[in-house]
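> coords please:
(2 chains)
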Amino acid sequence: EPEVTQTPSHQVTQMGQEVILRCVPISNHLYFYWYRQILGQKVEFLVSFYNNEISEKSEIFDDQFSVERPDGSNFTLKIRSTKLEDSAMYFCASNRDSHEAFFGQGTRLTVV
Amino acid sequence: DQQVKQNSPSLSVQEGRISILNCDYTNSMFDYFLWYKKYPAEGPTFLISISSIKDKNEDGRFTVFLNKSAKHLSLHIVPSQPGDSAVYFCAASAISGYALNFGKGTSLLVTP
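Numbers count the residues shown, from 1 in each chain, chains lettered A, B, ... in the order given. Here you go, the predicted structure:
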């Protein structure tokens, strides 16, 4: 069964450093998303990406964040200068043309 | 702002009985509702969904009910099985796009 894969599973970084979280969405999907879940809180939408551009973004997705689809398979989230409060589980998701998004297993980002 | 609310953080049910998980929403622009299931250290897994034009959708042991006038939906699992023990998230998306607004989740424990 096709699945969304994310790497790495856990990333530890120092405050102020740049991180890139990587995702391989399901191959025939058209819409790609990043969500995050801070420990003990709800899953929050960050950004959606369609047709090589951002289609929606939340207030959380400020200038520190960027997304890219550098080739036909990868979808990345870059955090330019990490802050302690960026520590969270980051989930990538994708779908073809529907509301039902399929999620990866997540990357746990720890900023120290 | 909590646009999707799951007021019960936890629920315990005996195996074979019905589990009822509740969700309320405030945004009248939401037109599609989903339930996701999440195990620890995994991403959310899509379970069942319902469009606002329906009031019920059934898939095997899982049924979702939607009461638009009350802005309330519920997930019924019958019969409940120990493998159903997980955190269940209610999510909603608006007419304008596919971004999901999640509730905080309800942790379901099904005891033998």
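
> so residue B:11 is in which element?
strand B:10-14 (DSSP states H and E).

> quick one: is that strand near chain A?
No. Applying Cβ under 8 Å from any Cβ of the partner chain, one finds strand B:10-14 out of contact with chain A, separated by at least 13.6 Å. Quick note: C-beta positions are derived from backbone N, CA and C, even for glycine.

> and the helix or strand following that strand, which strands flank it?
Going down the chain from strand B:10-14, the next helix or strand is strand B:19-25, by DSSP H and E. Strand partners for strand B:19-25, identified by DSSP bridges, are recorded as strand B:4-5 (antiparallel), strand B:72-77 (antiparallel).

> chain center to strand B:19-25, what's the gap?
Offset of strand B:19-25 from its chain centre (Cα atoms, centre = their mean, to the nearest Å): 6 Å.

> Could you point out the helix or strand that follows it?
Downstream of strand B:19-25 (by DSSP H and E), the next one is strand B:30-38.

> ranges for the strands of chain A?
A:5-7, A:10-13, A:19-24, A:31-37, A:43-50, A:53-57, A:65-68, A:75-79, A:88-95, A:102-103, A:107-111 (DSSP state E).

> got the buried residues for the fifth one?
Judged by neighbour count using 16 or more other Cβ atoms under 10 Å in any protein chain shown, the buried positions of strand A:43-50 are A:43, A:44, A:45, A:46, A:47, A:48, A:49.

> want to try CSV for the residues you listed, with pLDDT and distance to residue A:84 as columns?
Output for these, formatted as CSV (pLDDT from 0 to 100; distance: Cβ to Cβ, whole Å):
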residue, pLDDT, distance to residue A:84
A:43, 94, 20
A:44, 96, 17
A:45, 96, 22
A:46, 97, 18
A:47, 97, 21
A:48, 94, 26
A:49, 94, 27
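
> Return only those of these found close to chain B.
Okay, of these touching chain B (Cβ under 8 Å from any Cβ), that's A:43, A:44, A:45, A:48.

> I'd assumed residue A:36 was in contact with the second one.
Yes. Under the criterion of Cβ atoms under 8 Å, residue A:44 lies in contact with residue A:36, with a separation of 5.6 Å.

> Find residues that contact each of the two.
Counting by Cβ atoms under 8 Å, 6 or more residues apart in numbering or on different chains, the contacts common to residue A:44 and residue A:36 are residue A:60.

> Using JSON lines, please lay out the strands paired with strand B:19-25 together with distance to residue B:98, mean neighbour count and mean pLDDT.
Below are the strands paired with strand B:19-25 laid out as JSON lines (distance: least, Cβ to Cβ, whole Å; neighbours: other Cβ atoms under 10 Å in any protein chain shown; pLDDT from 0 to 100):
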{"stretch": "strand B:4-5", "distance to residue B:98": "15", "mean neighbour count": "20", "mean pLDDT": "96"}
{"stretch": "strand B:72-77", "distance to residue B:98": "18", "mean neighbour count": "20", "mean pLDDT": "98"}
